[in-house]
Every structure is written in C-alpha cells, then in structure tokens.
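Undergrad: The sequence and its predicted three-dimensional model are supplied below.
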Amino acid sequence: MKNIVLIIFILILFLGCKKQEFDEFDFSYGNSFETDFSIKFSHKNDSIFLYENWAPENNRLPKNKTSYLSALNKSQKLKLDSFISKIDFKSLDTLYFEKYQDGEYYNFFIRKGKIRKTIKVHSLNAPQSLSSFAHWIYQTKKTLKLTETQRSFEFKSKNIYPEPPLFKSKD
C-alpha cells in the first residue's frame with residue numbers, strides 16, 4: 001500500500017511540473033520614430049522587465065529611459081512558451097540584415113539548454129517564425145500594465161542603433 005501511495009505521489013509531482021521552455025530570454029525592438037525597447041521574460045513565472053529606451057514625446061507611458069515591471073496573463077505566457085518551443089533557434093542564422101535606412105530592427109537573445117544565441121534582424125527577408133514572434137512581442141508590450149521601477153536590468157539583446165531626432169509638434 002505504501003508503494004502505491006508513493007508511486008501516485010511521484011506521478012502527481014511529475015505531471016504537475018511544467019517543462020521550462022527557456023533558461024533566459026530577452027528581446028529588443030525598435031522602429032523608426034516610434035519606439036525602442038528591451039524586454040526580459042522570466043523563466044520562473046509570468047514576470048517581465050522592460051526598459052523603454054525612447055518613445056515619442058506625446059506618449060504618456062512608457063517614458064524614455066525608464067524601467068518597468070509587468071506580468072503576462074496566462075494566455076500570453078502560454079503563447080510565449082509556444083513560440084519558444086516551436087522555433088528552432090539552433091538552426092537559425094545569427095544575422096538577417098539588409099542595407100536600408102529606417103524600418104524595424106529587433107534582436108532575440110535565448111539561452112535554452114546548450115543553446116546560447118543572439119539573433120539580429122534588420123531585413124524584410126527574415127524567417128517568418130522570427131517575424132511573427134517579434135510582431136507578437138511588440139503587440140503584447142502595448143497591452144501590458146506597466147509599473148515604473150528604479151531597478152535596472154541586463155538585456156543581452158540590446159539594440160545599438162542611434163536614436164532618431166526628436167521632432168516637436170507645433171501645437
């Protein structure tokens with residue numbers, strides 16, 4: 001009888017454990033004259049850490065040069081894990097680049113088991129899986145309830161592109 005209880009306990013323990021999709025993951029994104037941010041996703045829970053490098057002056061939130069905390073809802077966390085589990089980061093190149101001005105640029109950093117990789121994209125011909133994932137993160141960021149924090153975070157995907165000139169409205 002004790003063996004049966006022990007086996008049931010072990011099964012419940014294993015079934016209750018969710019596979020961790022990544023050890024470390026962050027993403028940086030910028031597009032001409034709209035935004036430049038970095039976002040780090042926690043592998044332990046639904047927390048995210050965001051740094052808004054720059055945004056238009058007319059935005060209330062997020063503000064330039066400001067760190068934020070937030071959380072993904074359950075659906076968003078499942079979608080994040082789904083993207084990470086389905087994309088074969090190991091087989092992807094580290095650079096997808098086309099020489100053009102403006103547009104969007106984004107970088108992924110992932111550490112997952114033996115994989116430790118940064119993928120930089122400034123191209124209209126990047127793999128669809130990366131483009132879709134980048135678009136999903138960008139849209140999800142817009143829905144997050146941000147809480148300003150004084151904490152600073154390390155982003156291994158940080159963009160190194162220059163900031164755009166600031167245009168002031170004539171209102």
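TA: Yes, it's here.

Undergrad: what about the helices in the protein?
TA: Chain-ordered helices for the chain, with DSSP state H as the definition, fall at 2-16, 74-86, 128-143.

Undergrad: How about residues contacting the second one?
TA: What it means is helix 74-86. Where contact means C-beta atoms under 8 Å, 6 or more residues apart in numbering, the residues beyond helix 74-86 that reach it are 21-22, 25, 41, 46, 72, 110, 112, 129, 132-133, 136, 140. No exception for glycine: its C-beta is placed from N, CA and C like everyone else's.

Undergrad: Sort out which residues of that helix are buried, please.
TA: Buried residues in helix 74-86, counting neighbours by 16 or more other C-beta atoms under 10 Å, are found at 76-77, 79-81, 83-84.

Undergrad: got a list of what the spatially most central residue of the chain touches?
TA: If you average the C-alpha coordinates of the chain and look for the closest C-alpha using C-alpha atoms, centre = their mean, you land on F27, 3.8 Å from that point. With contacts defined as C-beta under 8 Å, 6+ apart, the neighbours of F27 are 38-39, 41, 106-109, 134, 137, 157.

Undergrad: ditto for F41
TA: 22, 25-27, 47-48, 72, 80.

Undergrad: Now the buried members of those residues.
TA: Neighbour-count burial (16+ other C-beta under 10 Å) applied to those gives 22, 25-27, 48, 72, 80.

Undergrad: Closest one of those to N125?
TA: Distance ranking of the buried ones among the contacts of F41 against N125, using C-beta to C-beta, places F27 first at 19.5 Å.

Undergrad: re the thing from before, got TSV for the contacts of F27, with pLDDT too?
TA: Written out in TSV, the entries for these read as follows (pLDDT from 0 to 100):
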residue	pLDDT
S38	96
I39	96
F41	96
Y106	95
N107	96
F108	96
F109	96
A134	97
I137	97
S157	88
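
Undergrad: And those residues, which is closest to K145?
TA: Proximity of these to K145 (C-beta to C-beta) peaks at I39, which lies at 14.1 Å.
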